[in-house]
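Colleague: Attaching a predicted model along with its sequence, questions to come.
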Amino acid sequence: MRAAFVLFGVALVACGGGAAPCGPRPGVVACVDDTAVTVATAREHLRPPRPLPGKAAPTDPRADAVDAAIRVELFAAEARRRGLGDRRARTAVLNQALIADERARQRLAPADVADAAVDALLQAAPGRVAKIEGVHVRAIYLADAATAEAVYAEAVGLDDAGFAALAQARSRDPSAASGGDLGVIDDDHSPIELVRAATPLAEAGALTGPVALADGRFAILRAVDVTVRAEPPEQLRPRAREYLAHQAEEQALAALAAHLEGARRVRRFPEAFAAVTAAPEPDGGR
């Protein structure tokens, strides 16, 4: 009789019936239905913190890593549902199979980008694909993060004159008298801190910040004008296609991930995120 119960238990486990439901426990940072997302899996997706427009603090790279690991699980499950490849293949392989399937379904390859879209990008924002040689910048300097975030919200959508007026009214810097005009920022003649802060400004009217500065202040920067290196169209057009295809793919995959997550039971356990840190290098990094 005891042997029969043991065999019955083995059969349940083999069928998945004996598996414990996924939930908070050491080493688990999230659940996708009853599939555990582990600390080790999330750690594979660790990247540097991402700046967020309008926020003084960057994203938490540990939370980003957990989100990325959840997306891989969701994509792998969808790949199995679509019958893409071997259902027993590794999760990472199935994830890539789904991405390839979406790329084909939604025509997201560079070759699928319309000539009109390429022309529009090169006309309106060549700095997204060409070497930027200088950015004419206005800036608003604020004393604390909360004020900087509030002023950034005011700055969104303003034209150059509106931003200049806001700088005159709110900036805590001598440049406020000239509407925050800092002149042209470039690699050769400007402080490295400003060069780095201005890096996201790829087109006239672009806004970035608040950026934390070494002196404790926060800066909001707006591009008045962007100067790019002159390059022949035959060099710029392929880059523009790649850029537009990449943007379209990122948007499509983000929308798919949101849809799939809405259809599944996904739980995150933020109290466990602290364990998602970079693994120590062998021999202490020596």
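Modeller: Ah, there it is.
Colleague: Name the single longest helix found in this structure.
Modeller: helix 233-263 (DSSP state H).
Colleague: If you count neighbours, what's buried in that one?
Modeller: By 16 or more other CB atoms under 10 Å, the buried positions in helix 233-263 come out as 236-237, 239-241, 243-245, 248-249, 252-253, 256-257, 260-261. For every residue, glycine as well, the C-beta is placed using N, CA and C.
Colleague: before we move on, what about stretch 48-55?
Modeller: Result for stretch 48-55 [16+ other CB under 10 Å]: buried residues 51, 54.
Colleague: and what of stretch 97-112?
Modeller: 97, 98, 99, 101, 102, 103, 106, 108, 110.
Colleague: closest to residue 130 among those?
Modeller: Distance to residue 130 across those (CB to CB) is lowest for residue 110, with 17.0 Å.
Colleague: how much space between the closest one and residue 237?
Modeller: 10 Å (CB to CB, to the nearest Å).
Colleague: what are the ranges of the strands in the stretch 51-200 of the chain?
Modeller: 132-142, 181-185 (DSSP state E, counting those that start in this stretch).
Colleague: ranking those strands by burial, who's on top?
Modeller: strand 132-142 (a mean of 23; mean count of other CB atoms under 10 Å).
Colleague: so what strands line up beside it?
Modeller: As defined by DSSP bridges, the strand partners of strand 132-142 come to strand 181-185 (antiparallel), strand 218-228 (antiparallel).
Colleague: Out of the buried residues of helix 233-263, which is nearest to residue 212?
Modeller: residue 243 (28.4 Å).
Colleague: Low-confidence ranges, the stretch 1-150 of the chain, go.
Modeller: 1-19 (pLDDT under 70).
Colleague: which residues touch residue 136?
Modeller: Contact analysis of residue 136 by CB atoms under 8 Å, 6 or more residues apart in numbering lists 183, 184, 185, 223, 224, 225, 226, 227.
Colleague: go on, residue 95?
Modeller: 72, 75, 76, 79.
Colleague: Just the ones in helices from the residues you listed, please.
Modeller: 72, 75, 76, 79.
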